[in-house]
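Undergrad: Sequence unavailable; structure follows:
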C-alpha cells in the first residue's frame, strides 16, 4: 500500500503530467496560430511551476514507493536542469513552432512528457523505473522528431531514431535482465551491497550484461561507435527539438549512466574503464574530425555534441565519485551553450527550411551584429575559451583525469579541443571575415530568441567567471555517491 | 600606505574593458568620436601606469602592488595580481605601445572602425592581465583571452591571406597552451599530494620540490607552449604569416607585446617552477636559440616583402632573448629582458614605418621602392634611426641588450656566444641592405616621385619611439635598477631550487654546470 503523502515528493512529475494532459485537451479545442501561442505560454507557465516544486525539493533525501523512486539532490539537480531546458526550448518554440506550424497542443505536451521521462530516469536506482523513464522519454522524442510531416528528412529522422533507438533499448533491457539473472537483483543500491559481500564477482552473464548496459547507454549519449544515428536525426528533426535532444536526452542518459555505474559498479571500475577509455577517445576523435568537414551548421553541431559526450566520458572513466560533479557541471554548461547555438540557427532559418548552410552565415557580423556576437560567445564557449563556462567545464573534467593520472587521456582530450576550435572558429570566420554570399534574406527576429540567447550568455558568463554556486550545487548533488 | 591600497593593477586591467563596453553602445557612424574616445582611454591607461614606475620600490624582493582575493577557494584559485621589476617594464611597454597603435590606426583603419577599437581595448585588458597574474589559472584565462582579439585583428582587418594566417595563429598557440594546462593541473595535484594544500598561487608553487623526471615532462609542456609564442625555431612558422597579414597596429602589438608573453612565461613560470629541468634543457634551448638567430637572419635577407623581412628578423631577435635567458647568469637574463623591451620598440617602430609607406603606396615589396630618401627626407631620418636600433648600433637601445646577452652567452658557453655573434653581422647585412634598396639610389618608379612626407601625427608617433631608442641606449641604468633585485632574486631561486631537486634525487650537479650556476648571483 502506497501512503498518499508520498505523492508530495513527486510534485514536479505530477505537474508536468497534468499540464501535458491539459495541453493536449486545449490543443484539441483550438486551432492554428492561437493554439500554438496559447499552448506555448501555458507550457512555459507549467514548467515554471514544476521548477518551483523542484527547487523546493533541494536538500530532500527520500526513498518513496517501496524504493522504486528516489528523491535526492542528484535527481533534483538533473530535474532542475531538464526543466530549465524545457523552459528555454518552450520560449524558443513560441515563435519557431508557430512559424513551422507544428506548435499544436501535442508538441508542447510531448516536450513535457519527454522531460517527465528524463526526470524519472535520473531519479531512481531501480532498473525498472529507469527503463520506464527511458521509454517515456524516447517515445516522446521519436514523435517530436517527425513533426515536420511534409519534410522528408524529418520523417526519416524519426523513423531512423525509432528503429535504432528500439534496438538500443533492447540491448539495455537485455543487459538489465542478464544482471538480474546473475545476481537476482534489479536495484542498483542493493547490487552495491551484494558486490561488497560477494567480491570478487565475475559471472560471465553479469559481465555480458554490463557490456550491454554500456551499449544501451552509449546509444543514448551518442558515443562512438553507437553514434551513427546522431547526425541524421539532429539534422532532420525540427531545430528546436534538436536543441532539446542534444541537451536533455544526453543529460538524462548521462544522469542514469553515472548513477548506475557509480553506485553499483565501482568495484568493477578497472574492467569497464578500459572499455570506456577506448570509447571516449574514439568519441572525441571521430566527433571532432568528422565535424571538421561539415558544411551544415546543424550537422556540425551534431558531431560536436558527439565530441562533447567524449569529453564527459573522460571524467566518467576515472570513477572518481567525489569529482563526478565535474560531469554534472559540464552537462549544465553544455546545455546552455548548445541551446544558445541552436537558437541562433533557428533565428537564421527561414520558414520550411530545415538545413542551415554555412554560407548563409557569411557576413553575419555586418548584417546582424547582435546575433553574430551571441553566436561567437556560444562557439567560443563550445571551443573552451576562458572565461566562459565551456572552459571551466573542460578544465574541471580534464582535471579529474589528471588527478587520476590518466595523463594521456587528458592530453588527447585537450588536443581534441584544439581540433574542435578549428571548426568553431570557421563559423566565426564566415560571420566576420567573409562577405555576404547571395541574398540571405532577413533573420527571424523574435523577442523570445533574444531572451533565450541572453539567458544562455548570462549563464555561460556566470558559470565561467563565478563558478562557485554551480560547482557547489554539483558537488552537493554527487554527495549521494560518497 | 593608503596610496598603495588602491587596486591600481585591477584598474589597469579592467579600465580598457570598461572602455570597450562603453564603445559597444557608441554610434558606429560617429567615427571621430570612437577614435578620440579610444585614444583618451589608452592615454588615461598610460597615465595611470607611469606612476607604477616611480612608486616601484627597487630594493623590495617581493611582488609589489599585490592584490589578492579569493576566487574559488575550494580549488585554491585566487584573483592574485602583482608585479616585480620584470613585469613592471613589460606592463609599461604595453600601455605605451597601445597608445602608439591607436594613433597609427587613425587613418589606416576605415572599415568597421568601432569593432576595431573595441577589439583593441579588449586586447589591452588581456595583455596586462597576463603580465600581472600570479595565479596560474588567472594567468591561463588571460593568456587564452589574448588569442581572440588577435585572431579577429588579423582575420578581419588583415591582408589578402588573412584567414589562413588568423587560423594558423590561433591553432598554433592554442595547441601549445592546452598542453600547458595539463602540466598546470599535474603540478597542482602534485603539490596537493605533497603538502595537502590546493593552490594555483605561483609563489607557493615555486616551493614545490618536483622530482627531476617529472620536471622534464612538465617543463617540456610549459616550454613548448611558450616557445610557440616566442616563437622559437622550429615552431616559428606561424609568425611570418601572422605578421605579414596583420594590420600595422596588429603587427606592432604582436611583435611588441604578444611575443614577449612567451619569453616572459619562461622567466615567470617555466624556469622557476622547474629549474632543474630548465638547466638540463639549457644546451637544447641555447642551440635552438642560436639556430633561430642565424636562420632568422639568413631568411630575412632573402625576403622580397618588407613586412616578412621584419617578421623573420623578429625570429632572430627573439633568439637572442632566449639565449640570454638560458645563459642563467645576471648579464644574460638582464640583457634578455632588456632586449624584450628593445625589440618591442625597434621592431614595433619598423612595422610602423612599413605601415606608413604601405598607406602611401599600397605595396610592401622592396623592389617597388628605391630612392625614397630624396622624396621623403623626414621619413628617411626616422627610418634610419630605427634601423640602426634594430641592428644594435652603440648609442641605441639595441646595443645594450645584445651586448649583455652576448656577454652572458660567452660566460656560459663560448661556442653559443661565438655563433650568436655572427647573427649581429648578418643582422647588419639584411637591415642595411634593405634600407639601401628602399631609400637610396635613384627613384626608379614614377609612383614614388610624388610621395608625401610624414604628417604631424606620424612624426609624433615616431618621435616617441626614437625618444625611447635613445633614452634606453644612453641611460639604461634607469631601467636596469628596476629589475636588478628581481633578477637577482629570480636567479637565486632557480639556483637554490635546482640544487635542492638534485640533492633530493641523490645525484649531484654536473661539475661544469654547477660552476655556471653559482656564478649567477654575482652582481653586475
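TA: Good, I have the coordinates. Note that this is a predicted model, so its numbers are computed, not measured. Numbers count the residues shown, from 1 in each chain, chains lettered A, B, ... in the order given.
Undergrad: Could you tell me how many residues sit around residue B:281?
TA: Residue B:281: 20 surrounding residues under other CB atoms under 10 Å in any protein chain shown. Glycine gets a C-beta too; all of them are placed from N, C-alpha and C.
Undergrad: same thing with residue A:196?
TA: For residue A:196, using other CB under 10 Å, the count is 10.
Undergrad: repeat for residue B:11
TA: Neighbour tally, residue B:11, other CB under 10 Å: 15.
Undergrad: Report the secondary structure element holding it.
TA: helix B:8-24 (DSSP states H and E).
Undergrad: So what touches that helix?
TA: B:34, B:37-38, B:41-42, B:44-45, B:48-49, B:51-52, B:65, B:67, B:81-83, B:91, B:95, B:98, B:114, B:117-118, B:121-122, B:124-125, B:128-129, B:132 (CB atoms under 8 Å, 6 or more residues apart in numbering or on different chains).
Undergrad: ok, the helix or strand following it near chain A or not?
TA: Stepping forward along the backbone from helix B:8-24, the first helix or strand reached (DSSP H and E) is helix B:31-55. No - if you take CB under 8 Å from any CB of the partner chain as the test, helix B:31-55 misses chain A, and the best it gets is 14.6 Å.
Undergrad: Can you name every helix or strand that the helix or strand where residue B:316 lies contacts?
TA: Using DSSP H and E, residue B:316 sits in helix B:306-325. The helices and strands touching helix B:306-325, judged by 3 or more CB pairs under 8 Å, 6 or more residues apart in numbering or on different chains; DSSP states H and E, are helix B:238-245, helix B:248-253, helix B:259-265, helix B:282-301, helix B:330-361, helix B:397-412, helix B:414-439.
Undergrad: what inclination does it have with respect to helix B:282-301?
TA: Orientation of helix B:306-325 against helix B:282-301 (axes from the mean of the first three to the mean of the last three CA atoms, to 10 degrees) gives an angle of 160 degrees.
Undergrad: tell me the angle helix B:306-325 makes with helix B:397-412.
TA: 40 degrees.
Undergrad: Now helix B:306-325: average pLDDT?
TA: Across helix B:306-325, pLDDT averages out at 90.
Undergrad: Please point out which parts of the helix holding residue B:11 sit buried.
TA: Across helix B:8-24, burial judged by 16 or more other CB atoms under 10 Å in any protein chain shown covers B:8-10, B:12-13, B:15-17, B:19-20, B:23.
Undergrad: got it, and stretch A:47-56?
TA: So for stretch A:47-56, counting by 16+ other CB under 10 Å, buried means A:47, A:49-51, A:53-54.
Undergrad: So the closest residue to residue B:407 other than its chain neighbours versus chain A, what's the distance?
TA: Nearest residue to residue B:407, sequence neighbours excluded (CB to CB, 6 or more residues apart in numbering or on different chains): residue B:331, at 4.5 Å. Residue B:331 sits 37 Å away from chain A, going by CB to the nearest CB, to the nearest Å.
Undergrad: Contact partners for residue B:331?
TA: When contacts are counted by CB under 8 Å, 6+ apart, residue B:331 is found next to B:324, B:404-405, B:407-408, B:411, B:524.
Undergrad: Adding neighbour count and distance to residue A:466, write the residues you listed out as CSV.
TA: Listed next are the contacts of residue B:331 as CSV, based on neighbours: other CB atoms under 10 Å in any protein chain shown; distance: CB to CB, whole Å:
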residue, neighbour count, distance to residue A:466
B:324, 32, 41
B:404, 26, 45
B:405, 31, 44
B:407, 19, 49
B:408, 26, 45
B:411, 18, 50
B:524, 11, 46
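Undergrad: Could I get the contacting residues of whichever residue of the stretch 151-300 of chain A sits closest to chain B?
TA: Per CB to the nearest CB, the residue of the stretch 151-300 of chain A with the smallest distance to chain B is residue A:292, at 11.8 Å. Shown in contact with residue A:292 (CB under 8 Å, 6+ apart): A:419, A:422-423.
Undergrad: Fine by me, thanks again.
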